[in-house]
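S.K.: Below are the sequence and a predicted model; questions follow.
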Amino acid sequence: MMKHLTLVTGLVAATSAVAETPVLNVYTYDSFVSDWGPGPAVEEAFEKVCGCDLQFTGAGDGAALLARLKLEGARTEADVVLGLDTSLIGAARESGLFAPASVSADYTLPVAWSDDMFVPFDWGYFAFVGNKGGKSPSSIAELAASDAKIIIQDPRSSTPGLGLLMWVKAAYGDDAPQIWADLSDNIVTVTKGWSEAYGLFLEGEADLVLSYTTSPAYHLIAEEDDSKQALPFTEGHYMQIEVAGKAAATDQPELADQFLQFVVSDAFQQVIPTTNWMYPAVTPAAGLPEGFDTLIQPEKSLLIASDQADALRDVALGEWLAALSK
Amino acid sequence: MRQVAPGLLVATLIAAIVLGALSAVLWRAGGGSGLGPADIAALKFTLVQSVLSSVISCVLAIPVARALARRAFVGRGLLITLLGAPFILPVIVAVLGLTAVFGRAGVISAALGWFGLPPVQIYGLHGVVLAHVFFNLPLATRILLQGWLSIPSERFRLAASLGMGAGPVARVLEYPMLRSFLPGALVIVFALCLSSFAVALTLGGGPRATTVELAIYEAFLFDFDLGRAAVLASVQMGLVVLAAIAALRWSGAEGFGAGMDRTIRRRDAETPLLKAQDFLVLLGVTLFLVLPLLMILLRGLPGLMDLPGTVWASLQTSAIVVFFSIIIGVGASFVLAMAAVRLGWLEGVALLGIATSPMVIGTGLFLMIHPFDAPSRYTLHVTVAANVLMALPFSLRVMLPKMREIYNNYNRLAMSLGLSHGAWIRLVLWPRMRRVTGFAAGLTGALSMGDLGVIALFASPDQATLPLQVLRLMGAYRMEDAAGAALLLMCASLAIFWLFDRGGRVDADT
């Protein structure tokens, strides 16, 4: 009975088994490889220049990606891992599963970037998103004091959720527990992931949702709907930088290096804004798509260095749990 | 021996997969690690919400199943099919459907707003329980309905000719039946609620509503503490096993004796008061279940018109998965039920599939495949295996009481006639098992259609199932397409359910 199934699943494997071309295995998060993510366009563009077969493997989100790599250890099939973010870099470096990469580019990140292992491919600011004309506090503190209803994500299962945790910590340090206590009556609910939160917000369950400053660009560009806005906060906005790295165990080191260099090239970067709805790490020659110019530009960028992020994360999570479990 | 051997083999396989996966995780972790106070708090919350959810679901299911069993009305078949719907929806879709009705911006809050009343507060423990009742009341109802249908019509006729009213009928016929069906329903719903994660978190309103499954997720992804994840999963499994043992002890499973397997008018229930009661019960449950489904329908229609082509491709992938899940799942369930007639504890083994964290099973299977080959090549195999594991307790629960009744009623006769094993299955077992087998197949198919399973852990880009595609659409901001795809998913699941359930019921009601 299982033979037919083997046939079906085998088709994918067969295409690589028959071909003589080298295979580059790239592990990434699931939404990257989906039909609406950057994956398909990136694959096509890279295969044009590499003479290779680029194969994506999707694994949940960034955290699941790193867990997957740790599970596989040194025997991983991954050549490149794409989609870890600044909060995971510390743990990724410690795992010893990554090799140094020498990629240089003129990054257009709001912060200076120098890392011998990880190559940034896009970035964004976390922000609260709401409807124009709706509640619009101008800072986290003002939001906490207001009666605006918000939906956030759980930091234990979601990247934006963790981002907000670090945002409050970076902006308020030891006063973070008080901010969370003040925020607790604003929080309608805490969801597992971004999709649930954003879906509930669009249903009208809350005034604001934790997302990205780039979220209104999706509505504007893909739906021609300019009713959504991200709120600029005076404390500054916490950043997320997504990176790619070469697996130490790769059997295609040259091809992996070539891919990492490709990641910061125009062909890759121009796909990012309207598929991943993030800012490209290197602004492509053609510039950003129309509509991105309408997005808010935070005056201050917040980011906790990756070597401190891990320790701070556990402290901040404890404070968050204590404040919201009351 | 021929009655139990295939079933024992299936049970061994289940135990090997589940315990193997759990051990693989433990082995990889180099042993278990202790639980912190946060884990204990999660355990407490999980227990409280699971007990509340399962008791409320099953208690409410009693009047609903009774009303369905003793009333004939236009649309009864449709209502029974719709009862399958909440159970098979992807969690996230169902939650959005529920909030569209019960949420702060939902239908009820809007209605309250006209009278100047504040919106409903759905987020909290009661929201979690509400959602679980939404999911599981239909399931419990279907299980109990099978119970009512298992009482031979001759018994009701006899009761009517003796002039028994609804009260005595309940005491003499219905309570004994409930004693054998209710514990099983309770355990299954309890096990389901125990591993709930997204529902509890989204509607729970915050980290107070942390369940064990979230603690496992956190241990695995946030801390990469596989030992803690495995220990938590073992605790979760232990709870279900304890519940199953308690239920087995409690349930008194005696048959009603043989009948002609026909349904009949229930003369005892024809008083105006009981008619009104059943009408109100059915109206209430229909509104409760159908309103959220209606919201999903309304939201999905605009997107359904121009769904991206890949959504249809994923429907095809899902269809393949469903096909194999049904064949393997129902076959396994049938032989397991035959064996469980003699060895009651086998039902506990079948429960292992839903008693263990999907996250840990998925990770364990991954670890078991990885030394030999790339796990992503086995995405669909693993998905089918996970679906079968997950659906088995349900199909077994549906089949077992009927199987037990047939053995109780006909086995001695068959033996005295010297009926061969093959003839026994063909002439006695199959014709009588057909209705429940159809229901079990529909349930397995619909569940396999709707469940995300472990595919998210393994997925390669080309093998998305429909539920995964719904999630991907949502993750890409495409909420309208996602709503359309979710509607497609709901329709496909219902169609499968209806097809098999009907197939099983053909000429069973004459």
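M.R.: Cool, got the structure. Numbering: from 1, shown residues only, chains lettered A, B, ... in the order given.

S.K.: Okay, now the unreliable bits of the stretch 401-510 of chain B?
M.R.: B:452-462, B:503-510 (pLDDT under 70).

S.K.: As a check, name the ranges of all helices in it.
M.R.: Assigned by DSSP state H, counting those that start in this stretch, the stretch 401-510 of chain B shows helices spanning B:421-423, B:430-450, B:455-458, B:466-475, B:479-505.

S.K.: Quick one: closest of the ones you listed to chain A.
M.R.: helix B:466-475 (3.9 Å; C-beta to the nearest C-beta). To be clear about C-beta, it is placed using only N, CA and C from the backbone, and glycine gets the same treatment.

S.K.: Any chance you could list what contacts that closest one?
M.R.: Residues outside helix B:466-475 that contact it (C-beta atoms under 8 Å, 6 or more residues apart in numbering or on different chains): A:30-31, A:34-37, A:193-195, A:198-199, B:90, B:92-93, B:310-311, B:314-315, B:317-318, B:449-452, B:455-456, B:459, B:464, B:479, B:481-482, B:485-486, B:488-489, B:492.

S.K.: rewinding a little: I'd like the helices of the stretch 401-510 of chain B written out as TSV, with distance to B:Thr211 and mean neighbour count added.
M.R.: Output for those, formatted as TSV (distance: least, C-beta to C-beta, whole Å; neighbours: other C-beta atoms under 10 Å in any protein chain shown):
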stretch	distance to B:Thr211	mean neighbour count
helix B:421-423	46	11
helix B:430-450	20	25
helix B:455-458	18	25
helix B:466-475	20	26
helix B:479-505	24	22
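
S.K.: would you list those in CSV and tack on distance to B:Leu291?
M.R.: What follows is the helices of the stretch 401-510 of chain B, written out as CSV (distance: least, C-beta to C-beta, whole Å):
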stretch, distance to B:Leu291
helix B:421-423, 49
helix B:430-450, 19
helix B:455-458, 29
helix B:466-475, 21
helix B:479-505, 14
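
S.K.: Quick check: which of those is nearest to A:Asp251?
M.R.: Among the helices of the stretch 401-510 of chain B, helix B:455-458 comes nearest to A:Asp251, with 21.8 Å by C-beta to C-beta.

S.K.: And stretch A:190-207, how far out from the chain middle?
M.R.: 18 Å (C-alpha atoms, centre = their mean, to the nearest Å).

S.K.: Say whether chain B is contacted by it.
M.R.: Yes - for stretch A:190-207, a contact with chain B is found by C-beta under 8 Å from any C-beta of the partner chain, at A:190-196, A:198-200, A:202-206.

S.K.: How about the residues of the stretch 101-250 of chain B by chain A?
M.R.: Contacts of the stretch 101-250 of chain B with chain A, taken as C-beta under 8 Å from any C-beta, map to B:103-105, B:123, B:197-198, B:201-208, B:214, B:217-218, B:220-222, B:224.

S.K.: Please pick the buried ones from these.
M.R.: Among those, the ones that count as buried by 16 or more other C-beta atoms under 10 Å in any protein chain shown are B:103-104, B:123, B:197-198, B:201-207, B:214, B:217-218, B:220-222, B:224.

S.K.: Can you flag which of those residues belong to helices?
M.R.: The helices, defined by DSSP state H, take in B:Ala198, B:Leu201, B:Thr202, B:Leu203, B:Gly204, B:Leu214, B:Tyr217 from those.

S.K.: any chance of these in TSV, plus distance to A:Ile296 and pLDDT?
M.R.: Shown next, in TSV, are these (distance: C-beta to C-beta, whole Å; pLDDT from 0 to 100):
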residue	distance to A:Ile296	pLDDT
B:Ala198	31	73
B:Leu201	30	77
B:Thr202	28	83
B:Leu203	32	87
B:Gly204	32	84
B:Leu214	33	84
B:Tyr217	33	83
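
S.K.: mind checking the SS state of the closest residue to chain B within the stretch 151-300 of chain A?
M.R.: The minimum distance from the stretch 151-300 of chain A to chain B, using C-beta to the nearest C-beta, falls at A:Gly204 (3.3 Å). Under DSSP: H, G, I helix; E, B strand; the rest coil, A:Gly204 falls in the coil class.

S.K.: got a pLDDT number for it?
M.R.: pLDDT recorded at A:Gly204 is 90.

S.K.: What segments of the stretch 201-326 of chain A are helices?
M.R.: Assignment of helices within the stretch 201-326 of chain A using DSSP H, counting those that start in this stretch yields the ranges A:215-223, A:253-263, A:266-269, A:272-275, A:306-324.

S.K.: averaging pLDDT over each of these, which comes out lowest?
M.R.: helix A:306-324 - the lowest mean pLDDT of these, at a mean of 88.

S.K.: What residues sit buried inside that helix?
M.R.: Quick answer for helix A:306-324 (16+ other C-beta under 10 Å): A:Ser306, A:Ala309, A:Leu312, A:Arg313, A:Ala316, A:Leu317, A:Glu319, A:Trp320, A:Leu321, A:Ala323, A:Leu324.

S.K.: so the fifth one makes contact with A:Pro177?
M.R.: The reference is to A:Ala316. No - the pair A:Ala316 / A:Pro177 is not scored as a contact, 9.4 Å apart, by C-beta atoms under 8 Å.
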